[in-house]
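In: Provided below for reference: sequence and predicted model.
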Amino acid sequence: MTNPKGRFGVHGGQYIPETLMNAVIELEEAYNYYKNDEGFNRELNELLNDYAGRPSRLYYAGKMTKDLGGAKIYLKREDLNHTGAHKINNVLGQALLAKKMGKTRLIAETGAGQHGVATATAAALMGMECVVFMGEEDTKRQALNVYRMKLLGADVIPVKTGTATLKDAVSEAMREWTSRISDTHYCLGSVMGPHPFPTIVRDFQSVISKEIKAQILEKEGRLPDAVLACVGGGSNAIGTFYNFIEDKGVRLIGCEAAGRGIDTFETAATISTGKLGIFHGMKSYFCQDKFGQIAPVYSISAGLDYPGVGPEHAYLYDIGRAEYVAVTDDEAVNAFEYLSRTEGIIPAIESAHAVAYAMKLAPSMDKDKIIVVTVSGRGDKDCAAIARYRGVEIYE
Amino acid sequence: MSNIKKAFQNGKAFIPFITCGDPDLETTAKCVRAAVENGADLIELGIPFSDPTAEGPVIQGANIRALKGGVNTDKIFDFVRELRKDVSVPLVFMTYANVIYSYGAEKFISTCRDIGIDGLILPDIPYEEKEEFLPYCRKYGVDLVSFIAPTSENRIAMIAKEAEGFLYIVSSLGVTGARSEITTDLDKIVKVVRENTDIPCAIGFGISTPEQAQKMASVADGVIVGSAVVRILEEYGKDSAVHIGEYVKKMKDAVIG
């Protein structure tokens, strides 16, 4: 699906400063070498299994299924991974790769803080230096994760430029990378940015759909009718979709953050409201004004609060292979509370967007149908913010 | 012949960068004229972008001020049309790919030709992606300026061979902004450039003082200064023109040596 220049249809590419070109070329060469290297894969699998706790469980949500009265619902429990989200899958891969490349320092952007925590974790494990860029707004929304990163030995730099959220953290991490390349790997957290990042991150996250496939075949003896995941940049979604792309009977459904609604300016639903553009190293869909200025997007979820979407998602949308739906803050918060009460699982507010759409979709399907929802992360980090959303002030 | 070459016919060139609309277009017009009267050989006009990933804090600030002031691509085109009535030095736009892409590449670049813009400097368009805009640049006679960075190494010859207008040599790693010291071996880079092209090369990023400018001009054909000019606008706002004029004179004198 990727051509040599890292294109997914018209999307993707390498729209970055010349200063970084040799760095991404070096990364691509190293990745192409190590992805087929037996020793590298053995080491990575050991880390994923023994350290991160893979494979993650595929759990039949019986009470939720019964309550909604439609399709059988399975939850892919990425929230049970070490550090509490799918982000660790990609980070262990990239950190190991960086180490093989002789890099001693990892930098990363983070939105909700999950990717930052995962990167800080891998850096601690592998004895690497770590600097995480996080929008100042997000450091307030996700104060607990800031503390976790510091506890793990990382420096957290609050980014005050622009909207002080995820896009600004990405910009700042890119700026930092141009100033220090030789010892530093930019551990990008989603399937975005310049080639080869969308491919590398997708490959490391595709373990999600590889496991779902084996697990559902074992439990049900057939493939699911639909798989659902939330989409910001889109890494857990592409991980959930990837091994089903060729299985045309499986609907691939990405759930974007509509914020206060796709008919308002306070939204982050890129595919629903954006247009084709070039930003952060890639051609894809972006929320922007008519002169190409990137829009100040909004979502209750810091992890989905991004004005773009990964190029492979843009392509899957173009060819009609995947569907993208918009889920509002309200719907996500309801789903956050619903899953907590019904199944005793507190999902990340990001993942709650996918749960919310499952709550709409499942009742419209027959009882012999099967859907799988990826719970990309756990929601402990969100409890204070959701309490505030409901008008309760609590202190972490 | 590319109009840009004229900028390099008055001894070593001095090229200031000004963000259009910072804080408003009237001020930009006054500053451009002051720069030209005081010896600027080419003006790099920035079209502001919301998320300028190659810029340091100073030019980021200029982008924010300009956008807050309500400037946009159409207003900048009108401004350049007006400016061209009496300003004849080469003018290039410096902006980001999405500003051009969202406007419609052909519409943007044909308008550049119509209003007298001689070239485009796009920090997020490396060699590998230049086909995005190059066909229109060729069609309408607008030069697409290429960058060479301290990390370019094995790429220098490839980039230089196909370069147009002038080559923008990035003096240091990192983003735009003044630096106390420039440690890149620029002589070595320029030597490889000279072996592969006859077009002029100018050095930018990190240069703010006459001493630095003189040193850089001894290596290349010209010197580009952005953040130090924008700093003047940050400090004096609408009253910047006279200060920019003085600064440009000092810098042009330094590069001529």
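Out: Thanks, I have the structure now.
In: Contact residues of the stretch 101-250 of chain B facing chain A?
Out: B:101-103, B:123-129, B:132, B:146-155, B:159, B:170, B:173-175 (Cβ under 8 Å from any Cβ of the partner chain). All C-beta spots, glycine's among them, are computed from the backbone N, C-alpha and C.
In: Mind doing that once more with 7 Å?
Out: Selection of the stretch 101-250 of chain B residues close to chain A by Cβ under 7 Å from any Cβ of the partner chain yields B:101-103, B:123-126, B:128-129, B:147-149, B:151-153, B:155, B:170, B:173-175.
In: Which of these fall within helices?
Out: B:Y101, B:S102, B:Y103 (DSSP state H).
In: Work out which residue lies at the spatial centre of the chain.
Out: Answering for chain A, as no chain was given. A:S235 (3.7 Å; Cα atoms, centre = their mean).
In: Chain B was what I was after
Out: Closest residue to the average C-alpha location of chain B: B:E44 at 3.5 Å, with Cα atoms, centre = their mean.
In: need the contact list for it.
Out: By Cβ atoms under 7 Å, 6 or more residues apart in numbering or on different chains, the contact list for B:E44 reads B:I15, B:P16, B:F17, B:V92, B:M94, B:I121, B:I224.
In: so it is in which element?
Out: Take DSSP states H and E as the rule and B:E44 turns out to sit in strand B:43-46.
In: Packing partners of the next helix or strand after that strand?
Out: Reading on from strand B:43-46 to the C-terminus, the next helix or strand found by DSSP H and E is helix B:57-68. Here helix B:57-68 touches strand B:13-19, helix B:227-236, going by 3 or more Cβ pairs under 7 Å, 6 or more residues apart in numbering or on different chains; DSSP states H and E.
In: ok, longest helix in the chain?
Out: Defaulting to chain A. helix A:18-34.
In: wrong one, chain B
Out: Max-length helix for chain B by DSSP H is helix B:241-256.
In: Name the residues that touch that helix?
Out: Counting by Cβ under 7 Å, 6+ apart, B:11-12, B:14, B:16, B:30-31, B:34-35, B:37-40, B:210, B:213-214, B:217, B:223, B:225, B:229, B:232, B:236 sit against helix B:241-256.
In: Just the C-alphas of it, formatted as PDB.
Out: Presented in PDB, the C-alpha positions along helix B:241-256 are these (Å, rounded to 0.1, in the frame of the first residue of the first chain):
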ATOM      1  CA  ALA B 241      10.600  51.800   9.000                       C
ATOM      2  CA  VAL B 242      13.400  54.300  10.000                       C
ATOM      3  CA  HIS B 243      15.000  51.700  12.200                       C
ATOM      4  CA  ILE B 244      14.900  49.000   9.500                       C
ATOM      5  CA  GLY B 245      16.400  51.500   7.100                       C
ATOM      6  CA  GLU B 246      19.300  52.100   9.500                       C
ATOM      7  CA  TYR B 247      19.800  48.400  10.100                       C
ATOM      8  CA  VAL B 248      19.800  47.500   6.400                       C
ATOM      9  CA  LYS B 249      22.300  50.200   5.600                       C
ATOM     10  CA  LYS B 250      24.600  48.900   8.400                       C
ATOM     11  CA  MET B 251      24.300  45.400   7.100                       C
ATOM     12  CA  LYS B 252      24.700  46.200   3.400                       C
ATOM     13  CA  ASP B 253      27.800  48.100   4.200                       C
ATOM     14  CA  ALA B 254      29.100  45.100   6.200                       C
ATOM     15  CA  VAL B 255      28.500  42.600   3.400                       C
ATOM     16  CA  ILE B 256      30.100  44.800   0.700                       C
END
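In: Over that helix, what's the mean pLDDT, rounded is fine.
Out: In this model, helix B:241-256 carries a mean pLDDT of 98.
In: hmm, back to that, note down every partner strand of the strand holding B:E44 and its orientation.
Out: strand B:13-19 (parallel), strand B:91-94 (parallel) (DSSP bridges).
In: Most proximal residue of the stretch 51-200 of chain A with respect to chain B?
Out: Closest to chain B within the stretch 51-200 of chain A is A:S179: 3.2 Å, counting by Cβ to the nearest Cβ.
In: Burial check on that residue, number of neighbours?
Out: As a burial measure, A:S179 scores 14 neighbours (other Cβ atoms under 10 Å in any protein chain shown).
In: ok, now A:R390?
Out: 9.
In: Now it: closest residue in space, sequence neighbours ignored.
Out: A:V333 (7.6 Å; Cβ to Cβ, 6 or more residues apart in numbering or on different chains).
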